[in-house]
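Colleague: curious how this folds, go ahead:
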Amino acid sequence: VPASLLSGVGRYTAFCAGDVVSRVLRMFSIEDSAAQIEELKNALQKRAVALRSEVAASKFEDDAYTRLALSILERFQKQFDTEQGTEEWARLQLSECLQVIDEAEAHIARGRTFSNLDPRQTVRPTVKSGLLLGAPQDSGDTTAPGRPVLLSGYLGWGSVLRDLEVLGDFGVSLVQVEKGPNQMSEQFTLTDGADGIGEMITRANASGLMVDLLLSPHYFPDWAVRKDPDVVFNEATGWTKFSITHPAAQKVIASWLRQVVPLVKELPGLFAFCLSNEPTYSWSGRDPHSKPEWTAFLQRKHGTIESLNQLYATKYGSFGEVTVPPLGMPEGGAAKRAYYDWIRFNQEFFAGWHRWMNDIVKGLAPEIPTHAKIMCNIFDPTTLANGIDPELICDITDLAGNDCWSYPGAYHEYAYNWRLEEMWYDLLH
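Modeller: Okay, here's the model as predicted:
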């Protein structure tokens, strides 16, 4: 929109094509930015004080929505005083805080309170048929089914750890934090960074939050690579850049799991162990440590080398001679049969690695749920070589792990592309 069409500082309503969505925007003139920010700060201070007074003198003091609004205002007003962000950031945050006040005042005007809504979760839900269930509704009947529990929150690093004590006031009940085997020394002992995991989970639980601990095998230690350079694939993409069956890699991952799991498994704030983050792998059968498994897979599937040669249109003398196809869908039916075999082998091989990790974790902490944060790429044929079969992975873990996305934007008559997200959730369920 040309700036000449806008009269200056104020509110404007922007309409998307077809008037499907409207959004109120605030415009600022660049020349007077500092004065505008100060004006917004003063307005926010005045209105926040008035809102607190109104809430304190009304039935909305224990209301979940007004409590959320006041918590947001308190958090960000402190941030304005202690952190020096850009002027653009300050204008955005101040404007959004004023919008929070607008919505809180509108909620109060409607007159309905929600005093019984509290998302905090301090007791680990039970897992049954893929659902999370809380404590039984009737405390006198231990056989009564619990109410379904929906946990929501963030994956985060410094900012989430800093705000653990206030996230519960924001409606958060779960946070995911990650630590990996790079938190071990060359002597395979935990460093100070790993030792702090228990304290962090305890802090979260005291604030009404559960913690999903991402075990992050992709945080592979540099010292292990220096000792065994061939443990990594230089051309690898994605998170898993090391050979999952290399003896050095298995020693590192197993040592990490066998130390960190006992460290936290008894803590009431621990919700689950996440085995891997956005896992992909396309190296099965391509290194000396997995090549024998590829050969055995082909022998189990085809029985005789003659049968394989007929399907592949090849002249191999033995299963040990069969090479792994290059990445990318080939041309021709025979080459596609060979590629299909490797796709399935790669998926089974990578799932087997997850089972190996899951067995270690469940052997140490059988009561703690597990999952792997697999992505929704199964619907994209260009990602067949990524090594993920959701059914194989979900058969291993207690929960159907999920890493999906849905970005805002025009999608037919909708404001965002929901189809991929919902297809993925249906498949996981």
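
Colleague: can you give me the helices in the stretch 251-400 of the chain?
Modeller: Along the stretch 251-400 of the chain, counting by DSSP state H, counting those that start in this stretch, helices occupy 291-302, 305-312, 333-364, 390-396.

Colleague: measure P217 to V232 for me?
Modeller: Distance, P217 to V232, using Cβ to Cβ, to the nearest Å: 13 Å. From N, CA and C alone the C-beta is placed, and that goes for glycine too.

Colleague: and those two? Which one has more around it.
Modeller: Using other Cβ atoms under 10 Å as the criterion, P217 and V232 rank with P217 on top: 24 against 17.

Colleague: what is the burial count for K336?
Modeller: Residues lying near K336 (other Cβ under 10 Å) number 15.

Colleague: find me the pLDDT at the nearest residue to it once chain neighbours are set aside, would you?
Modeller: Nearest residue to K336 in three dimensions, chain neighbours excluded: P330, at 6.0 Å (Cβ to Cβ, 6 or more residues apart in numbering). Predicted confidence (pLDDT) for P330: 96.

Colleague: wait, P330 touches Y339, no?
Modeller: Yes. Judged on Cβ atoms under 8 Å, P330 makes contact with Y339 at a distance of 5.5 Å.

Colleague: who has more neighbours out of the two?
Modeller: Between P330 and Y339, Y339 has the larger neighbour count (other Cβ under 10 Å), namely 21 against 14.

Colleague: and that one, what does it touch?
Modeller: P325, M329, P330 (Cβ atoms under 8 Å, 6 or more residues apart in numbering).

Colleague: just the pLDDT at it, thanks.
Modeller: As predicted, Y339 sits at a pLDDT of 98.

Colleague: against H412, how distant is it?
Modeller: To H412, Y339 is 34 Å away according to Cβ to Cβ.

Colleague: same check on K227?
Modeller: Distance of K227 to H412, computed by Cβ to Cβ: 54 Å.

Colleague: look at these two and report which has more neighbours.
Modeller: K227 (12 against 8).

Colleague: I figured that one hits A248, correct?
Modeller: Yes. Taking Cβ under 8 Å as the definition, K227 is a contact partner of A248 at 6.8 Å.

Colleague: for P268, give me its contacts.
Modeller: T122, V123, R124, N205.

Colleague: so how far is E321 from A296?
Modeller: A296 sits 14 Å away from E321, going by Cβ to Cβ.

Colleague: right, I mislabeled it, should have said I388
Modeller: According to Cβ to Cβ, I388 stands 29 Å off from E321.

Colleague: and the closest residue in space to C404 that isn't next to it in sequence, what is it in contact with?
Modeller: Take C404 and drop its neighbours on the chain: the residue closest to it by Cβ to Cβ, 6+ apart is C376, 4.5 Å away. C376 is in contact with N402, D403, C404, W405, L420, E421, M423, W424, counting by Cβ under 8 Å, 6+ apart.

Colleague: how many neighbours does the first one have?
Modeller: This means N402. N402 has 17 neighbours, counted by other Cβ under 10 Å.

Colleague: from here on, call the first residue 39.
Modeller: Renumbered: residue one is now 39, and that last one reads N440.

Colleague: for L336, see how far away it is.
Modeller: The gap separating N440 from L336 is 33 Å, by Cβ to Cβ.

Colleague: same deal with the second one?
Modeller: From D441 across to L336, the span is 32 Å (Cβ to Cβ).

Colleague: of these two, which one has the most company?
Modeller: Neighbour comparison, D441 and L336: the larger count goes to L336, with 23 against 17 (by other Cβ under 10 Å).

Colleague: residues in contact with the nearest residue to that one once chain neighbours are set aside?
Modeller: Nearest non-adjacent residue to L336, counting by Cβ to Cβ, 6+ apart: F357, 4.9 Å away. F357 sits next to T333, L336, Q337, H340, I343, L346 when contact means Cβ under 8 Å, 6+ apart.

Colleague: in the sheet, which strands lie alongside the longest strand anywhere in the chain, parallel or antiparallel?
Modeller: As assigned by DSSP state E, the longest strand anywhere in the chain is strand 308-315. With DSSP bridges as the test, strand 308-315 is paired with strand 248-252 (parallel), strand 408-411 (parallel).

Colleague: looking at the ones you listed, which is buried most?
Modeller: Burial of the strands paired with strand 308-315 is given as mean neighbour count (mean count of other Cβ atoms under 10 Å); strand 248-252 ranks first at a mean of 24.

Colleague: pLDDT on it, on average?
Modeller: Strand 248-252 comes out at a mean pLDDT of 96.

Colleague: mind listing what's buried along the helix or strand following it?
Modeller: Note on strand 248-252: by DSSP states H and E, the next helix or strand toward the C-terminus is helix 260-265. Neighbour-count burial for helix 260-265 flags A262, V263 (criterion: 16 or more other Cβ atoms under 10 Å).

Colleague: next: stretch 357-367.
Modeller: Here stretch 357-367 shows F357, V360, V362, P363 as buried, counting by 16+ other Cβ under 10 Å.

Colleague: for that stretch, output the C-alpha coordinates as PDB.
Modeller: Coordinates of each C-alpha in stretch 357-367 appear next as PDB, following Å, rounded to 0.1, in the frame of the first residue of the first chain:
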ATOM      1  CA  PHE A 357      23.300 -60.700  -2.800                       C
ATOM      2  CA  GLY A 358      26.500 -59.200  -1.400                       C
ATOM      3  CA  GLU A 359      27.200 -57.700  -4.800                       C
ATOM      4  CA  VAL A 360      23.900 -55.700  -4.900                       C
ATOM      5  CA  THR A 361      24.600 -52.000  -4.500                       C
ATOM      6  CA  VAL A 362      22.400 -49.400  -2.900                       C
ATOM      7  CA  PRO A 363      20.600 -47.300  -5.500                       C
ATOM      8  CA  PRO A 364      21.600 -43.600  -5.700                       C
ATOM      9  CA  LEU A 365      19.200 -41.100  -4.200                       C
ATOM     10  CA  GLY A 366      16.300 -39.900  -6.400                       C
ATOM     11  CA  MET A 367      13.500 -41.600  -8.200                       C
END
